[in-house]
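Asks: got a predicted structure plus its sequence, pasted below:
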Protein chains: 2
Amino acid sequence: MPKGDILGATRPLRADAERSVRTILEAAERVLSVNPGASMEQIAEAAGVARTTVHRRFANRQALVEAMTADVVRQLDDVMDAGRPETAPPVVALHEITANVLRVKIGWPFAMGLVFTDADSPAAEGKRRVDDRCLALLRRARDDGLLDAATDLDWTRRVFYALIGEAVHGPDSGLEPDALAQRVVDTLLHGAGPR
Amino acid sequence: MPKGDILGATRPLRADAERSVRTILEAAERVLSVNPGASMEQIAEAAGVARTTVHRRFANRQALVEAMTADVVRQLDDVMDAGRPETAPPVVALHEITANVLRVKIGWPFAMGLVFTDADSPAAEGKRRVDDRCLALLRRARDDGLLDAATDLDWTRRVFYALIGEAVHGPDSGLEPDALAQRVVDTLLHGAGPR
DNA sequence: CATAACTGCAACAGTGGTGTCTCAGTTATG
DNA sequence: CATAACTGAGACACCACTGTTGCAGTTATG
């Protein structure tokens, strides 16, 4: 009775089962983002599915959560690709990537939170890859004179993440991702001081 | 058998009991900052105290957590007072307050996290007071030309909080609070762009 | 120093979540 | 269309945590 998706050694799921998995993942995100300690029962209910079905697809809570973070990391990878951080002009890539990451974060706040706090999650190496590409982009930005030459890139990257995290909170979370991205990038580059 | 500290209607605790309360609060912070879902048992163990004693002082988990957040909010109040945000020069107050808040946050990361995420905690009105004073300080800073005239103060405040939150993470959390504060304020005012 | 307060320990019932199993009914798929 | 996969439902044992009580021994305090 193979449940884990550990290294694709399992036969592919039937189409409806695949759909179940998706539904459960999305319901879990909705429920856990409101109450991180919610029970499997509550998640199942939100997914419109029996609790046993959840356990059929995910051996335990941890497996479910790991699937969520893995999914989000995959989305982040896609988003990075779409932004062409290695080739596009730094400002453009920065804005593009920011807006798209915001989109992901708005839809998956819980999973994103985990990816960016739990250092020892199985999605950690994927996160590191994203970090590296982000860092490389910032280095390009600095070489272009967009950032101060003395800037600590690691700190800058963390500030960047923090700004993204902050942009989705509060009263302006309903704004267009592009508008939010504008604000984030502007703040990252210039702060709140006079121009 | 009065347990709650609700509105000081209870007889003052004996000196050793008072000490117990403190020990438990500090142990709870230590344990919960590592594992937010830790059991009362684990907290009691970390405090070097029987589990029943924890329950004697705090009716339930919620009461314990609320005591922690209340304590932290009180510390924040003190810190704000010490910074004289209404009278001292804005730059000075900003730096002073940042450094002191960092000190609090380093020692009480879990409770601080709650205060700044849970909007409906009983410490909410205390938090709002802190928010207001912070906002007033930023307004003074803007009037002094320290911030751009068009700056959205609410956004700036949230960025300020986020930067403080970020400063205590990562590899530099061991730095002097003053050095961290320097970095936070500098980033808040100028961002990462060229000067 | 006498008393009241505090503590540890052991035991207890209650609660809620977890993970598993079976089975009957439905649905996708070659 | 025959088969294999999937689902919901009910039931089950299990477990960890919670919150309370009683009691015997210790400690602060007037």
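Replies: Cool, the structure landed. Since we're looking at a predicted model, the values are computed, not measured. Numbering: from 1, shown residues only, chains lettered A, B, ... in the order given.
Asks: kindly provide the distance from A:Cys134 to DNA strand C.
Replies: Using C-beta to the nearest atom of the strand, to the nearest Å, one gets 34 Å for the distance from A:Cys134 to DNA strand C. (Glycine included, C-beta is placed from N, CA and C.)
Asks: which one is that residue nearest to, not counting chain neighbours?
Replies: A:Arg157 (5.6 Å; C-beta to C-beta, 6 or more residues apart in numbering or on different chains).
Asks: quick check: which element contains that neighbour?
Replies: helix A:153-167 (DSSP states H and E).
Asks: off-centre distance for the helix or strand following that helix?
Replies: Downstream of helix A:153-167, the first helix or strand assigned by DSSP H and E is helix A:177-190. The chain centroid and the centroid of helix A:177-190 are separated by 18 Å under C-alpha atoms, centre = their mean, to the nearest Å.
Asks: got the contact list for helix A:177-190?
Replies: A:91, A:94-95, A:98-100, A:102-103, A:106, A:146-147, A:156, A:159-160, A:163-164, A:167-168, A:172, B:155, B:159, B:190-193 (C-beta atoms under 8 Å, 6 or more residues apart in numbering or on different chains).
Asks: repeat that for 7 Å
Replies: A:94-95, A:98-99, A:102-103, A:146, A:159-160, A:163-164, A:167, A:172, B:155, B:159, B:191-193 (C-beta atoms under 7 Å, 6 or more residues apart in numbering or on different chains).
Asks: over to stretch A:120-129?
Replies: Residues contacting stretch A:120-129 (C-beta under 7 Å, 6+ apart): A:Glu66, A:Thr69, A:Ala70, A:Val73, A:Asp77, A:Leu114, A:Val115.
Asks: please apply the same query to stretch A:39-48.
Replies: Here stretch A:39-48 makes contact (C-beta under 7 Å, 6+ apart) with A:Thr23, A:Ile24, A:Ala27, A:Ala28, A:Arg30, A:Val31, A:Ala50, A:Arg51, A:Thr53, A:Val54, A:Arg61.
Asks: for the residues you listed, give me CSV that also has pLDDT, distance to DNA strand D and neighbour count.
Replies: Compiled in CSV, the contacts of stretch A:39-48 are given as follows (pLDDT from 0 to 100; distance: C-beta to the nearest atom of the strand, whole Å; neighbours: other C-beta atoms under 10 Å in any protein chain shown):
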residue, pLDDT, distance to DNA strand D, neighbour count
A:Thr23, 98, 8, 16
A:Ile24, 98, 9, 25
A:Ala27, 98, 12, 19
A:Ala28, 98, 15, 26
A:Arg30, 98, 17, 17
A:Val31, 98, 16, 20
A:Ala50, 98, 4, 12
A:Arg51, 98, 7, 15
A:Thr53, 98, 3, 17
A:Val54, 98, 8, 23
A:Arg61, 97, 13, 16
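Asks: which member of these is positioned nearest chain B?
Replies: When these are compared for distance to chain B (C-beta to the nearest C-beta), A:Arg61 wins out at 11.1 Å.
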